[in-house]
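In: Can you look at this prediction? I've put the sequence above it.
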Amino acid sequence: MTRTSAPVDAPGTGAWEGLVTTALLGTARRTPPGTAPGSDAPVALLDAAALETVRRRAGLRPARAAERPRPAPEDPRPPLPPAAARRLAMLLADRPGGSGGGRRGTAPDLMELLPQWLAAANARGFAPPPQVLPALLDAARGRTDLRPAALEFAGPRALWLARLNPDWRFALRSTPGGGAALPHLEDDDRTQQLWQEGLFAERVALLSALRDREPAAARSLLETTWATERAEDRLMFLDSLRTGLGPDDEPFLEQALADRSRNVRATAAELLSALPGSALAARMAVRAEACVAIDHTQSAGTGRDTRTSPDPHAAPTIVVEAPHECDAGMERDGVVAKAPAGRGERSWWFGQLVEAAPLGTWSRRLGGRTPREIVALPVADDWQGELHAAWCRAAVRQRNAEWSRALLGEPSAPEAGGPGAVSLAERAKLLGTLGAAERAEWVAGFIATHGLSEAFQLLGVCAVPWAPPLGRAVVDALNIARDAGSYPWSFSGVMGLAERCLDPSESGRLDALLAVPDEPENASPGAGGYWAEAFQRLVTTLRLRAAMVEEMGPAQN
């Protein structure tokens, strides 16, 4: 019997999918490439599938014969323990099911556990089994959030493979310098040569590495070619100065305020405003102070002048007089003159001035009050939202925890929006300026008061695994929602977060929630069964996460 196989130089893209389609339809209806209908077609299909399987496992696209690639570099890290290696293969083999929005059942979503598995493996310094690298790179190709941890774990062999397969070129783009070796930073001649002659990615990597160790040397290197760089390159190089930003960078950034590129000027202004002692910050403070004052004679929100009949019990009120023009000096210092559609020019300019002014300005300007006292003051003429939103942005930019606490307010406050934040997204950013323990405690208090419907964005900024008070607050809120007969699918996002973020030690507390509860009369149909499934999946996932860590052994100090 003569066998007819697919051509050896057939393109790899879509080849496997085509063979799967042929198998599903049957060779009587569709034959493999290069095969005539008849009794040989099934054998040719199996031959082609075997060949394509080898190609996929090899991690290299088929091509014409050429010079053999150099051997892959050695990975000096210790290998994974056998149980952990088997677990990795299982995680990589999992694929999301096409459930069409139906129930997920009680089985864990293994692909969602891969980021935590990678984090644990990287913390212990393990090297991957070579045979899993193609599947690992495929997973990272489809999910950008996996790439940093996946490439760290994959090590030097991932770059070797990426140079052989165009599908994995993202690994070269994601690696500083495209995977090229950087010179020792003490080698001045080699450093200068790479800076003058290297590819853009190599130069960015060099500048970032040098900035991390010797900020002044990195800035001096950038100054040597600044005038001849392209605008888009200047912007990327300037962004590297965020690392180790300090007062010594101010003269260079002040010069960048006169750059011919508007984006470069804006970035330089932003960096300078993050230095409370900079001259730009002082100029912005003067401008912002001129717009904000305390008035003891005007009732907030009404504009009514009470000087003729003052109210002895009236609280001091903040009044705002937004700028009437955006002059050349303001533009040079980073104020964007043209307001977005739907925004008034004066409020747009005002917000930028307040955002860039040092937050220490306001205690001096507003009678020595603390941030919490300032935020509590009424603001006249509907300017409160604009003023507080600008203070939120300033607190995030300047990483000022005291102002963030004031703007966040108490988590148990009746209004979930907070005294200063204009949205939950703003609150999430403010929480990012606080330490992990304080952040978790605040979100736990918020959930205890407001439940989970408003808390999804806030949970996303909390450290993983969740601290015990936060984990207990989430579980208690889910239990309350279940007992109330709430629509269960509204909490699927929080339940998914809990599967990834709850401490595995919490699994024992969930055993009482695994039974199908009695459904209240007003409960959603089938809600009890869904909740039981969801809690069963949560418990199973937590125990699986605990097993994953145990299989790797203790972390190295």
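Out: Looks like it arrived, so ask away. This one's a predicted model, so the numbers in the text were calculated from it and none came from an experiment. Numbering: from 1, shown residues only.
In: Can you get me the start-to-end distance on stretch 49-69?
Out: Its first and final residues considered, stretch 49-69 spans 25 Å by Cα to Cα, to the nearest Å.
In: Figure out how far that stretch is from the centre of its chain.
Out: Relative to its parent chain, stretch 49-69 has a centroid offset of 36 Å by Cα atoms, centre = their mean, to the nearest Å.
In: which parts of that stretch are buried?
Out: 49, 51, 52, 55, 56, 59, 62 (16 or more other Cβ atoms under 10 Å). In short, each C-beta sits where N, CA and C put it, glycine included.
In: Lowest-confidence member of those residues, which is it?
Out: Taking pLDDT as the measure, these have their low point at residue 62 (64).
In: Tell me which stretches of the stretch 51-200 of the chain form helices.
Out: Secondary structure of the stretch 51-200 of the chain, counting by DSSP state H, counting those that start in this stretch: helices at 82-93, 110-124, 133-142, 147-154, 156-162, 170-174, 188-197, 200-213.
In: of the ones you listed, which approaches residue 439 most closely?
Out: Taking Cβ to Cβ, helix 110-124 is the member of the helices of the stretch 51-200 of the chain nearest to residue 439, at 19.0 Å.
In: Which strands or helices does the closest one pack on?
Out: Where contact means 3 or more Cβ pairs under 8 Å, 6 or more residues apart in numbering; DSSP states H and E, helix 110-124 is packed against helix 82-93, helix 147-154, helix 492-501, helix 527-552.
In: Apply 6 Å and report the result again.
Out: helix 82-93, helix 147-154, helix 527-552 (3 or more Cβ pairs under 6 Å, 6 or more residues apart in numbering; DSSP states H and E).
In: Switch the ones you listed over to TSV; also include distance to residue 116, mean neighbour count and mean pLDDT.
Out: What follows is the helices and strands packed on helix 110-124, written out as TSV (distance: least, Cβ to Cβ, whole Å; neighbours: other Cβ atoms under 10 Å; pLDDT from 0 to 100):
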stretch	distance to residue 116	mean neighbour count	mean pLDDT
helix 82-93	10	16	94
helix 147-154	9	20	93
helix 527-552	6	19	88
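In: what would the ones you listed look like in CSV with distance to residue 478?
Out: Formatted as CSV, these follow (distance: least, Cβ to Cβ, whole Å):
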stretch, distance to residue 478
helix 82-93, 26
helix 147-154, 28
helix 527-552, 8
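In: out of those, nearest to residue 315?
Out: With distances scored as Cβ to Cβ, the stretch of the helices and strands packed on helix 110-124 nearest to residue 315 is helix 527-552 (47.8 Å).
In: distance between that closest one and the chain's centre?
Out: The answer for helix 527-552 is 25 Å, by Cα atoms, centre = their mean.
In: Lowest average pLDDT across the helices of the stretch 51-200 of the chain?
Out: Mean pLDDT is lowest for helix 170-174 among the helices of the stretch 51-200 of the chain, at a mean of 78.
In: so how far is residue 204 from residue 211?
Out: To residue 204, residue 211 is 10 Å away according to Cβ to Cβ, to the nearest Å.
In: Name the helix or strand of this protein that has the lowest mean pLDDT.
Out: Least confident element among the helices and strands of the chain, by mean pLDDT, DSSP states H and E: helix 170-174 (a mean of 78).
In: That one - contacts with which helices or strands?
Out: helix 147-154, helix 156-162.
In: Can you redo those helices as TSV, where the extra columns are distance to residue 253?
Out: Formatted as TSV, these follow (distance: least, Cβ to Cβ, whole Å):
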stretch	distance to residue 253
helix 147-154	29
helix 156-162	35
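In: Quick check: which of the ones you listed is nearest to residue 130?
Out: Per Cβ to Cβ, nearest to residue 130 of the helices and strands packed on helix 170-174: helix 156-162, 6.6 Å.
In: quick revisit: quick one, which of residue 211 and residue 204 is more surrounded?
Out: Neighbour count, other Cβ atoms under 10 Å: between residue 211 and residue 204, residue 211 has more, with 22 against 19.
In: quick one, what contacts the closest residue to that one other than its chain neighbours?
Out: Distance criterion Cβ to Cβ, 6 or more residues apart in numbering; nearest residue to residue 211, sequence neighbours excluded, is residue 218 at 3.7 Å. Applying Cβ atoms under 6 Å, 6 or more residues apart in numbering, we find residue 218 in contact with 207, 210, 211.
In: What separation do you get for the residue nearest to residue 321 when sequence neighbours are not counted and residue 229?
Out: Spatial nearest neighbour of residue 321, excluding adjacent residues (Cβ to Cβ, 6+ apart): residue 291 at 5.6 Å. Distance, residue 291 to residue 229, by Cβ to Cβ: 37 Å.
In: Now the helix or strand hosting residue 268 - C-alpha only, PDB.
Out: With elements taken from DSSP states H and E, the one containing residue 268 is helix 262-273. Taking C-alpha atoms only, helix 262-273 is exported to PDB below (Å, rounded to 0.1, in the frame of the first residue of the first chain):
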ATOM      1  CA  ARG A 262       4.800  68.300  23.400                       C
ATOM      2  CA  ASN A 263       4.800  64.800  24.900                       C
ATOM      3  CA  VAL A 264       8.400  65.200  26.100                       C
ATOM      4  CA  ARG A 265       7.500  68.500  27.700                       C
ATOM      5  CA  ALA A 266       4.500  67.000  29.400                       C
ATOM      6  CA  THR A 267       6.500  64.100  30.800                       C
ATOM      7  CA  ALA A 268       9.200  66.400  32.000                       C
ATOM      8  CA  ALA A 269       6.600  68.500  33.800                       C
ATOM      9  CA  GLU A 270       5.000  65.500  35.400                       C
ATOM     10  CA  LEU A 271       8.300  64.300  36.700                       C
ATOM     11  CA  LEU A 272       9.200  67.700  38.100                       C
ATOM     12  CA  SER A 273       5.800  68.000  39.800                       C
END
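In: Pull out the buried residues from that helix.
Out: Applying 16+ other Cβ under 10 Å to helix 262-273 flags 264, 265, 266, 267, 268, 269, 270, 271, 272, 273 as buried.
In: Quick one: list the elements packing against it.
Out: Contacts defined by 3+ Cβ pairs under 6 Å, 6+ apart place helix 262-273 against helix 231-239, helix 250-256.
In: How far off centre is it?
Out: 23 Å.
In: and residue 498, what is it in contact with?
Out: By Cβ under 6 Å, 6+ apart, residue 498 lies in contact with 474, 538.
In: Got the confidence number for it?
Out: Residue 498 carries a pLDDT value of 91.
In: what about residue 381, neighbour count?
Out: Residue 381: 15 neighbours (other Cβ under 10 Å).
In: so which strand or helix has it?
Out: Counting by DSSP H and E, residue 381 is part of no helix or strand.
In: ok, it to residue 315 distance?
Out: Look at residue 381 and residue 315: by Cβ to Cβ, they are 16 Å apart.
In: end-to-end on stretch 395-409?
Out: Start-to-end, stretch 395-409 (Cα to Cα) is 14 Å.
In: err, stretch 335-345, not the other one
Out: Stretch 335-345 has its terminal residues 11 Å apart, counting by Cα to Cα.
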